[in-house]
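>>> I would like to see how this sequence folds:
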Amino acid sequence: MTVNKLLMLPVPAMLLLALAACDPGSTPGSTPTAAAPVLTGARCLPGEWTADLDDLATQMAAYFEEKGTGQDLVGTATGIEHAKFTADRKATATDNATLVFTGTRNGSPLTITTVRAGGFTSDWTLTGHTFMFSNFSAPNYSITTTVDINGTSTTLPTSQTEAARDNVAITTTCTGDVLVQKPEDSPFTTTWHRD
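Residues are numbered from 1 along each chain as shown. The predicted structure is shown next:
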């Protein structure tokens with residue numbers, strides 16, 4: 001004799017199964033709505049994004065240590081780095097961030113302070129996992145770095161990014177609300193979160 005296993009379930013269990021199949025926002029007899037697909041690739045990029053500067057500061061501190069710049073370095077970040085990508089392949093970004101690295105160099109106190117200020121506009125493309133800026137314009141964008149060793153401070157020449165960003169391949173993965181980018185000419189990966 002064949003027994004229908006569904007009939008063997010107690011009534012509360014059957015009710016639970018029935019409720020689990022329903023969309024809580026639907027009315028009886030309506031078709032449940034499917035979850036929106038997770039966007040990836042070029043369809044994922046349009047929107048506004050904020051960089052995880054704490055993660056970037058941690059990477060940079062480890063890199064400076066590896067290169068012998070200092071010992072026991074700790075990186076911290078304040079401020080914000082914000083980017084906007086549009087569906088018509090335009091990009092704008094603003095930067096108002098300070099990254100500070102503290103530690104020692106040959107036993108002396110060391111502080112490295114990097115100030116990123118300004119913004120840029122650009123076109124963008126994404127082919128596979130290769131992202132590129134073109135028509136990059138950043139006339140007011142600058143990165144200023146000051147190094148303080150044992151109380152003696154030196155400010156390095158301000159670096160401009162105008163020519164450096166055009167047509168540089170950036171390995172990019174965008175899935176849902178997370179965007180991860182690593183320029184081919186940089187040891188650092190930036191993780192962005194959708195606003």
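
>>> switch to C-alpha atoms for all contacts and neighbour counts from now on
Will do.

>>> Quick check: chain neighbours aside, which residue is closest to residue 113?
Among residues not flanking residue 113 along the chain, residue 100 sits closest, at 4.5 Å (CA to CA, 6 or more residues apart in numbering).

>>> For the helix or strand hosting the one you found, which strands pair with it and how are they oriented?
If you go by DSSP states H and E, residue 100 is part of strand 90-105. With DSSP bridges as the test, strand 90-105 is paired with strand 71-85 (antiparallel), strand 108-127 (antiparallel).

>>> Export that strand to PDB, keeping only CA atoms.
Output in PDB follows, covering the C-alpha atoms of strand 90-105 (Å, rounded to 0.1, in the frame of the first residue of the first chain):
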ATOM      1  CA  LYS A  90      29.900  58.900 -17.400                       C
ATOM      2  CA  ALA A  91      31.800  59.000 -14.100                       C
ATOM      3  CA  THR A  92      32.300  61.700 -11.500                       C
ATOM      4  CA  ALA A  93      34.200  61.400  -8.200                       C
ATOM      5  CA  THR A  94      34.900  63.500  -5.200                       C
ATOM      6  CA  ASP A  95      37.600  62.900  -2.700                       C
ATOM      7  CA  ASN A  96      38.000  64.500   0.700                       C
ATOM      8  CA  ALA A  97      40.000  61.900   2.700                       C
ATOM      9  CA  THR A  98      43.000  61.800   4.900                       C
ATOM     10  CA  LEU A  99      45.000  58.600   5.500                       C
ATOM     11  CA  VAL A 100      47.400  58.500   8.400                       C
ATOM     12  CA  PHE A 101      50.100  55.800   9.100                       C
ATOM     13  CA  THR A 102      51.800  55.700  12.500                       C
ATOM     14  CA  GLY A 103      54.700  53.500  13.600                       C
ATOM     15  CA  THR A 104      58.400  53.700  13.800                       C
ATOM     16  CA  ARG A 105      61.400  53.900  11.400                       C
END
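
>>> What residues of that strand count as buried?
Using 16 or more other CA atoms under 10 Å as the test for burial, strand 90-105 gives 90-95, 97-105.
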